[in-house]
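[1] build me a structure from this.
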Amino acid sequence: MISNAIGTERVSKITGYLLTGADFSEVSPNLPQRIAIIGEGNTANQATMPTVGTEISSAKEAGEKFGFGSPIYNVMRILRPATSDGVGGIPTIVYPQAEPGGAVAKEVEITVVGTATGNAVHYAEICGRTNLDGLSYSVSVVEGDTETVIAGKIADSINNVLGCPFTASSALGVVTLVCKWKGATAEWAFAKMASTDNAVGITYSETTSVSPIGEPTVSDSLNEFGNEWNTIVVNSYGVELPDIMDELEAFNGKPDPVSPTGRFVGSVMKPFIALTGSTSTDTSATESRKDEVTIAVCPAPESFGLPMEAAANMCVLFARVSQDTPHLDVSGKSYPDMPTTSDSFDMQDYNNRDIFVKEGHSTVDKVNGKYQIKDFVTTYHPLGELVPQYRYCRNLMIDFNIKFGYVLLEEINVEDHAIAENDDVVSVSKVIKPKQWIAILNTYAEGLAKRALISEPSFMQNSINVGLSTSNPDRLETFFRYKRSSFARILATTAEAGFNFGN
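    Numbering: from 1, shown residues only. The predicted model follows:
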């Protein structure tokens, strides 16, 4: 039947026209990225914030729902900044975590000593920043200001920055800063007065008066993923909370030709890469995860910024590359919004970076005052595997893309079709023959090569095997191999020079 605009049972004269939709593109689209943010809301928002996954389109919306200055806000203000496009139209889904029972907020005290002998502008430095969202933590010190007056000005300056992670109060020359959320992630929320060359007789000292306590579980949020393919997870808890990473790994699972687990199971196959920030250079967290493919460390060595901000910075870059140009890598790109240390760090030395990568740890250098990505890798580095299959995040995203394109073709050309033998003559629609499916996959291989996701398409084409199951007549089985495209990471050139002795 060519058209079913009019049912075949009709006999009376009539004209029918049926409009249907179709996709005639010969090139499979890139895998649409979807970002999941796992983080906490502020204490003040616990009673009113959503408790399930919620799509958020701006940092302002994140602040209104989960609290300005919260971990969720700290991530969203980098993913969707007011001054640039950030991740653009890529969906960002927040999976909020309630405060764990018995959680405690971090408190920091700044003590002011002295009476101002002149006029000056001093700055509070919160999480490595002297300004945030276009607002400054500046303090105008006027000659004659007492300790109590200056402390009050510091508190006012901090409270005037809506997105600050702390609230501040003052009394008798002491400023007390209380973190807006409770839990262990606040351990890396630092507050101090920035150094100045114009002290005008004033000195400052800082102490952590209350240490934060509390670590939630994220399993309930992960179970909400369901059939949605969240390709990138921003883990706001950082590498210092290994229990959270354990939960992420247990849920996401591992690829395996015989016994895949978690999101890599064949009937699911919607895995993610969990971007996890770190401001240290300790590789112990990755060394113990050498067989796992879930965690990718996002380093910002010696930064006073929050580890979750490092993860958000990497996410901005990786999500856009994965969405638009998955054949490329984030190598050579710089974090757009991360406080950078003025000190040197181990990763600036190539030999050290080489060791870090071999231990499953991403690396950065400092170029033009910013952290520049050198290697973005998962923790995967099993013993005995000379070239780890799932080391580079780029390679995993290529695998994800190939699966996505394959399933699209399968849904259009194979799923819910009748299966005919190669030599059968058929005259009805929605029928697939093994040789037809092979031809479609041959074209798919050529398309993947044109998009530089694979190399040597003939290798994939020659490996394609399609046939009916010998035990189930309603089961069509397909097998193929492919070679991921390479990426120019190491450039080695030898130039041989000599003297000109004439002819």
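[2] alpha carbons only for contacts and neighbour counts from here, please
    OK.
[3] Lys254: what's it in contact with?
    When contacts are counted by CA atoms under 8 Å, 6 or more residues apart in numbering, Lys254 touches 260-264, 292-294.
[4] try 6 Å this time
    Shown in contact with Lys254 (CA atoms under 6 Å, 6 or more residues apart in numbering): 260-261, 264.
[5] nearest to Gly152, of the residues you listed?
    Closest approach between the contacts of Lys254 and Gly152, by CA to CA: Phe264, at 55.1 Å.
[6] hmm, the closest one is touching Pro255, no?
    Yes. The criterion here is CA atoms under 6 Å, and Phe264 meets it with Pro255 at 5.4 Å.
[7] next step: the contacts of Lys254 restricted to helices.
    Nothing among these maps onto helices, per DSSP state H.
[8] quick one: buried ones out of the residues you listed?
    Buried members of these, scored by 16 or more other CA atoms under 10 Å, are 261, 264.
[9] Gly134: which of the contacts of Lys254 is nearest?
    Nearest to Gly134 among those, counting by CA to CA, is Phe264 at 42.8 Å.
[10] in the protein, which ranges drop under the pLDDT threshold?
    1-3, 5-6, 13, 18, 20-28, 503 (pLDDT under 70).
[11] and the gap between the residue nearest to the spatial centre of it and Ser455?
    Nearest to the mean C-alpha position of the chain, counting by CA atoms, centre = their mean, stands Cys315 at 3.8 Å. Going from Cys315 to Ser455 by CA to CA, to the nearest Å gives 27 Å.
[12] and Ser219, by the same measure?
    For Ser219 relative to Ser455 (CA to CA), the value is 38 Å.
[13] higher neighbour count, the two?
    Shown here are Ser219 and Ser455; by other CA atoms under 10 Å, Ser455 has more neighbours (19 against 13).
[14] tell me who's in contact with that one.
    449, 483, 485.
[15] what about the first one, which helix or strand?
    Counting by DSSP states H and E, the element that carries Ala449 is helix 434-450.
[16] which parts of that helix are buried?
    By 16+ other CA under 10 Å, the buried positions in helix 434-450 come out as 434-435, 437-438, 441-449.
[17] name the next helix or strand following it along the chain.
    Later in the chain than helix 434-450, the nearest helix or strand by DSSP H and E is strand 454-455.
[18] contact partners of the helix or strand following that next one?
    Where DSSP H and E defines the elements, the next helix or strand beyond strand 454-455 is helix 457-463. The contact list for helix 457-463 (CA under 6 Å, 6+ apart) reads 442, 445-446, 449, 480-482.
[19] so what are the domain limits for this protein?
    35-98+216-394, 105-210, 418-503 (automatic domain parsing).
[20] among the ones you listed, which is nearest Val11?
    When the domains of the chain are compared by CA to CA, domain 418-503 sits nearest Val11, at 21.2 Å.
[21] which residue ranges form the helices in this structure?
    Under DSSP H, the chain gives helices at 59-66, 71-79, 147-159, 219-223, 242-252, 284-287, 307-324, 350-358, 393-413, 434-450, 457-463.
[22] before we move on, back to that, tell me the one of the contacts of Ser455 nearest Ala171?
    For those, the nearest to Ala171 is Ser485 (62.5 Å; CA to CA).
[23] that closest one and Thr48: what is the separation?
    Distance, Ser485 to Thr48, by CA to CA: 48 Å.
[24] show me which of those two is the more surrounded one.
    Using other CA under 10 Å, the more surrounded residue of Ser485 and Thr48 is Ser485, with 17 against 9.
[25] so what's that one up against?
    Ser485 neighbours (CA under 6 Å, 6+ apart): 453-455.
[26] could I get those as TSV with distance to Glu496?
    Converted to TSV, the contacts of Ser485 look like this (distance: CA to CA, whole Å):
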residue	distance to Glu496
Leu453	35
Ile454	34
Ser455	32
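[27] okay but Val113 is in contact with Thr203, surely?
    Yes. Counting by CA under 6 Å, Val113 touches Thr203, with 5.3 Å between them.
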